[in-house]
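[1] turn this into a structure:
(2 chains)
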Number of protein chains: 2
Amino acid sequence: MSITTVYSAFLELEKRDIVLAREKSGYYVKPLLEDLLPFPQIPTKPIGPGKVTVNNLSFALCEAMTDPDVLQLGGALIHPDLLPAKSLYSSLRAISSENRNVALSTYEHFMGYLELRRQIAKRADPIWGPTSANQIVVTNGCMEAVSLCLQSVAQAGDTILVSSPTFPWFLQLIEDFGMYALEIPAITPEGIDISLVLEAINRYTIQACILMANFSNPLGYLMPDEKKKELVDLLSSHRIPLIEDDIYGELYFDSKRPIPFKAFDRTGNVLYCASFSKTLSPGLRVGWTAPGIYLDTVRRRKLNQNIANPGITQIAAANFLQAGNFDRHLRRLRTNLKHQVSNMALAIARFFPAGTKISSPRGGFTLWVQCPDGLDSLNVFRRALKNQIAILPGIICATTGIYGNCIRISCGMPYDDHIEAGIKVLADIVNDQLSESNGNEH
Amino acid sequence: MSITTVYSAFLELEKRDIVLAREKSGYYVKPLLEDLLPFPQIPTKPIGPGKVTVNNLSFALCEAMTDPDVLQLGGALIHPDLLPAKSLYSSLRAISSENRNVALSTYEHFMGYLELRRQIAKRADPIWGPTSANQIVVTNGCMEAVSLCLQSVAQAGDTILVSSPTFPWFLQLIEDFGMYALEIPAITPEGIDISLVLEAINRYTIQACILMANFSNPLGYLMPDEKKKELVDLLSSHRIPLIEDDIYGELYFDSKRPIPFKAFDRTGNVLYCASFSKTLSPGLRVGWTAPGIYLDTVRRRKLNQNIANPGITQIAAANFLQAGNFDRHLRRLRTNLKHQVSNMALAIARFFPAGTKISSPRGGFTLWVQCPDGLDSLNVFRRALKNQIAILPGIICATTGIYGNCIRISCGMPYDDHIEAGIKVLADIVNDQLSESNGNEH
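    From the prediction side, this is the model:
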């Protein structure tokens, strides 16, 4: 880019109060992400149990996810270059011919390959205390973990507490199982308000919760530890199982891995779920759950519904972990994601219409973007897809259509001119759509 | 074995009417399996919808399945030497580094790897007519296919028709989903009596059926084609979805692959399920379903519950099929299984107590053995396991305990002295248990 372009961009950013100009020193980005743009607004009251009908969009979304010509700002995908596929394949190739024959010619243990469970337990140890391989069930990704846990603690007709906005897949599961979603607003960057949870418990019969403590999808909030503890204790005292999705827990931008709800679980009431899909390989489909006192029910469902995970992929994952390069890879990945998220946030701040609000995640790699009122995110989704750009329309992150003016932007791809061009096109679509819906064609 | 041993064995078999002695010619086994021993008795009336509670045994059974020191006559496992693990691994290694990186670094399409679905469709073509890759959803084994199909057509409280005896996993799924099982006796080697199905339809509200037309597990029956057609038409006219498990369809002992229910399906009412677990690799976890008119619901559930199968295992399977060695492998496998099943049947006929009845499957590799009244198959199961022998107690093949004197013997292992010794030990346990339960300690 020419100096003039850069300079005019900085002037624009200064005008929008995004960068600070310090005399004789240069431009500084304001404290990273925090306060870049205002934090998105979320309703302040719980939304009563509602029937879920968000399912139909996900097909279109998933088709787009596997299309290499589409700019992937939709699905929470990490660019292949940032994942250690080569090293993982080496771990697969390193499996002895004997073990390989066993893995291909027999069923793996229904709870998962023992050495993998040991490795997972070893990693869990410093995060949430002594853990044994026998408390862990390996699943076909994190979603299978959540699905098995949800089926194990609730049934059709039950009400499930989630945050608002929430990960659409939770709503889709709740819909498929004939359950109801109760949405508790995540009113601050710190996640849901616990007094609202208590209010909801007193008013409705809540059978289970599905929540993320660390870098929630899509809002990216990080609950403070005391709040995690308070919530775990509250739910435990009401015997409401807490299904925790900690898939982004390893992708922190600060210096320390945040601890999950599970760390505060003294009664076995937390069903912890995670996977390697956002850190190592989505295509390997290796997730796991430590479902506490619900272990027997959960592992029975795993056994009954699909016998076991493939053996060979589990051994590859175990070998990769054992080789000891995972943490080094994670450090690199975190640095990359942190930069990608802030670059993307800056680009959105630059190109999106005035009045846009944005989340300031301290981990993970999704941004929640609230556009001015009147935006139809579904329409933006469709138009963007025609321009080979995938986004996630905010409307599917709730049962009630309240996030129609929001979109989730995934920052899994290295920031470059191509992405910047895509964000510009997206901003144009947003502007066009806003003008049209406000009746001012331009 | 010495000539005398062999000769005395034949004398014993002749006495028991199992072999024929032809003068100057030698001993002949009577028409293979048919009429070796009487066919097991099955109740003649449908068993009304019942709550299922067979689940607890399966843990012990599955633990035994992964124990290399246990003689595997329990789980339907094929000996690793009979499976082409080496060739399958070559197919996996042959994946180009580019495809491998994509497979490991991204999510596979939620319906499955396209080329694999094409290969599956190509194989289905001559069996049940023109099939497209878009009608097929790849699943984590056949059980996931059955599970997704069952969830897609029925819900808690519904009644599901199965055969009696049935594959215990069907009952376990029905139990987990809070449904009821209606068991229709399979009164002949040809499977369930269709007039009994009609009777059941008239008497109860049946939401769905889970049935096997070809070499049912555990009974091994093969329904004649006209009966398949009649049943498919009957269920279609009553709009009762038919979930077909055809996992043993390729393992026929006669000259021709039997066609499935799906071949007679003109309304899309048959949800066909199968996998490579009994023919290529159980550990690969590659199954599939062609769910007819229920495709949208089934694939949505696959997507929502675990996003997709791993890519790398699917590509390996597709490459293996494409290499064109599958049919040659299957021919060899069929011959082996046929011999193993008849050798095992002969051994059971030799060593088990008089009055024992046995099934005469024309495919698959399980034998259904009905011991004299008074046998407690659960007790036999426990004692056998102490002697490092796994069997499947018949009692878990029904909801009502009616098969307490039956056991299912898997014939997946090459017949040898070790197996023969195991069958002898098992026969001793059966004899002991019978004596005890009849109050005649010996």
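
[2] what parts of the stretch 101-250 of chain A come near chain B?
    A:101-110, A:139-141, A:143-144, A:147, A:151, A:155-156, A:169, A:172-173, A:176, A:178 (CB under 8 Å from any CB of the partner chain). Heads up, the C-betas are built off the backbone N, CA and C, glycines and all.

[3] tell me, what's the model's pLDDT at A:Cys62?
    Per-residue confidence (pLDDT) for A:Cys62: 81.

[4] just to revisit the earlier point, give me the buried entries from the residues of the stretch 101-250 of chain A next to chain B.
    A:101-110, A:139-141, A:143-144, A:147, A:151, A:155, A:169, A:172-173, A:176 (16 or more other CB atoms under 10 Å in any protein chain shown).

[5] mark which of those are part of helices, please.
    Taking DSSP state H, the ones among those that sit in helices are A:101-105, A:141, A:143-144, A:147, A:151, A:169, A:172-173, A:176.

[6] now stretch A:120-134: mean pLDDT?
    pLDDT averaged over stretch A:120-134 gives 95.

[7] for the stretch 301-442 of chain A, just list every one of the helices.
    A:311-323, A:326-351, A:377-386, A:417-437 (DSSP state H, counting those that start in this stretch).

[8] what packs against the shortest one?
    Translated: helix A:377-386. helix A:57-65, strand A:392-393, strand A:406-410, helix A:417-437 (3 or more CB pairs under 8 Å, 6 or more residues apart in numbering or on different chains; DSSP states H and E).

[9] export that helix as PDB, just CAs?
    In PDB, the C-alpha atoms belonging to helix A:377-386 read as follows (Å, rounded to 0.1, in the frame of the first residue of the first chain):
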ATOM      1  CA  SER A 377     -28.400 -10.300   8.400                       C
ATOM      2  CA  LEU A 378     -30.100 -13.200   6.500                       C
ATOM      3  CA  ASN A 379     -30.300 -11.000   3.400                       C
ATOM      4  CA  VAL A 380     -26.700 -10.000   3.900                       C
ATOM      5  CA  PHE A 381     -25.800 -13.700   4.200                       C
ATOM      6  CA  ARG A 382     -27.400 -14.600   0.900                       C
ATOM      7  CA  ARG A 383     -25.900 -11.600  -1.000                       C
ATOM      8  CA  ALA A 384     -22.500 -12.200   0.500                       C
ATOM      9  CA  LEU A 385     -22.600 -15.900  -0.600                       C
ATOM     10  CA  LYS A 386     -23.400 -14.800  -4.100                       C
END
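
[10] please identify the buried residues of that helix?
    A:377-381, A:383-385.

[11] contacts only, for the residue nearest to A:Asn217 when sequence neighbours are not counted.
    Spatial nearest neighbour of A:Asn217, chain neighbours left out: A:Phe167 (4.4 Å); criterion: CB to CB, 6 or more residues apart in numbering or on different chains. Listed by CB atoms under 8 Å, 6 or more residues apart in numbering or on different chains, the contact set of A:Phe167 reads A:212, A:216-218, A:245, A:397.

[12] biggest separation within the ones in helices among the buried ones among the residues of the stretch 101-250 of chain A next to chain B, which pair?
    Within those, A:Asn101 and A:Gln172 form the most distant pair, 38.5 Å apart (CB to CB).

[13] would you mind finding the most buried of the helices of the stretch 301-442 of chain A?
    Compared across these, helix A:311-323 shows the largest average neighbour count, a mean of 24 (mean count of other CB atoms under 10 Å in any protein chain shown).

[14] just checking, what packs against it?
    Against helix A:311-323 (3+ CB pairs under 8 Å, 6+ apart) you get helix A:85-93, helix A:97-105, helix A:114-128, helix B:311-323.

[15] circling back to that earlier point, tell me the pLDDT of the residue nearest to A:Asn217.
    So A:Phe167 comes in at 95 (pLDDT).

[16] what are the phi and psi values at it?
    Main-chain dihedrals, A:Phe167, degrees, to the nearest 10: phi -70, psi 120.

[17] any idea how far it is from chain B?
    According to CB to the nearest CB, to the nearest Å, A:Phe167 and chain B sit 12 Å apart.

[18] and A:Pro353, how far from A:Cys397?
    Going from A:Pro353 to A:Cys397 by CB to CB, to the nearest Å gives 21 Å.

[19] the more surrounded of these two?
    A:Cys397 (28 against 13; other CB atoms under 10 Å in any protein chain shown).

[20] residues in contact with A:Leu198?
    Contacts of A:Leu198 by CB under 8 Å, 6+ apart are A:Leu234.

[21] try it again at 10 Å.
    A:230-231, A:234, A:238 (CB atoms under 10 Å, 6 or more residues apart in numbering or on different chains).

[22] and the two most separated of the residues you listed?
    A:Glu230 and A:His238 (12.8 Å).

[23] mind listing the shared neighbours of these two?
    What both A:Glu230 and A:His238 touch, as defined by CB under 10 Å, 6+ apart, is the set A:197-198.

[24] give me the more crowded residue out of the two.
    A:Glu230 (16 against 13).

[25] correct me if wrong: that one contacts A:Gly191.
    No. At 11.4 Å, A:Glu230 does not count as touching A:Gly191 under the criterion of CB atoms under 10 Å.

[26] mutual contacts of the two, please.
    Common contacts of A:Glu230 and A:Gly191, defined by CB under 10 Å, 6+ apart, comprise A:223-224.

[27] what bits of chain A have low per-residue confidence?
    A:1-37, A:42-44, A:46-48, A:50-56, A:440-442 (pLDDT under 70).

[28] what residues are up against A:Ala64?
    Applying CB under 10 Å, 6+ apart, the residues near A:Ala64 are A:70-72, A:74-75, A:381, A:384-385, A:388-391.

[29] among these, name the buried ones.
    By 16+ other CB under 10 Å, those give A:70-72, A:74-75, A:381, A:384-385, A:389-391 as buried.

[30] ok, so of these, who is nearest chain B?
    Nearest to chain B, judged by CB to the nearest CB, of the buried ones among the contacts of A:Ala64 is A:Gly75 at 7.7 Å.

[31] measure that closest one to A:Tyr180 for me?
    26 Å.

[32] next one: A:Pro189
    Per CB to CB, A:Pro189 is found 28 Å from A:Tyr180.

[33] who's more crowded, the two?
    Using other CB under 10 Å, the more surrounded residue of A:Pro189 and A:Tyr180 is A:Tyr180, with 21 against 18.

[34] which non-adjacent residue is nearest the more buried one?
    A:Pro49 (3.8 Å).

[35] try A:Leu235
    A:Leu235 sits nearest to A:Leu242 (CB to CB, 6+ apart), 4.8 Å away.

[36] hang on, isn't that neighbour packed against A:Tyr272?
    Yes. A:Leu242 is in contact with A:Tyr272 according to CB under 10 Å; the separation is 9.2 Å.

[37] what do those two both touch?
    With CB under 10 Å, 6+ apart as the test, A:Leu242 and A:Tyr272 both reach A:149, A:261-262, A:265, A:292.

[38] between the residues you listed, which is nearest A:Arg123?
    A:Lys262 (12.7 Å).

[39] dump the residue contacts of that closest one.
    A:124, A:127-129, A:131, A:213, A:228, A:232, A:242, A:244, A:246, A:249, A:269-274, A:290, A:292.

[40] ditto for A:Asn269
    Contacts of A:Asn269 by CB under 10 Å, 6+ apart are A:153, A:232-233, A:235-242, A:261-262, A:292-294.

[41] filter the residues you listed down to the buried ones and hand me the ChimeraX line.
    Buried residues within those, by 16+ other CB under 10 Å, are selected in ChimeraX with:
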select /A:153,232,233,235,236,240,241,242,261,262,292,294
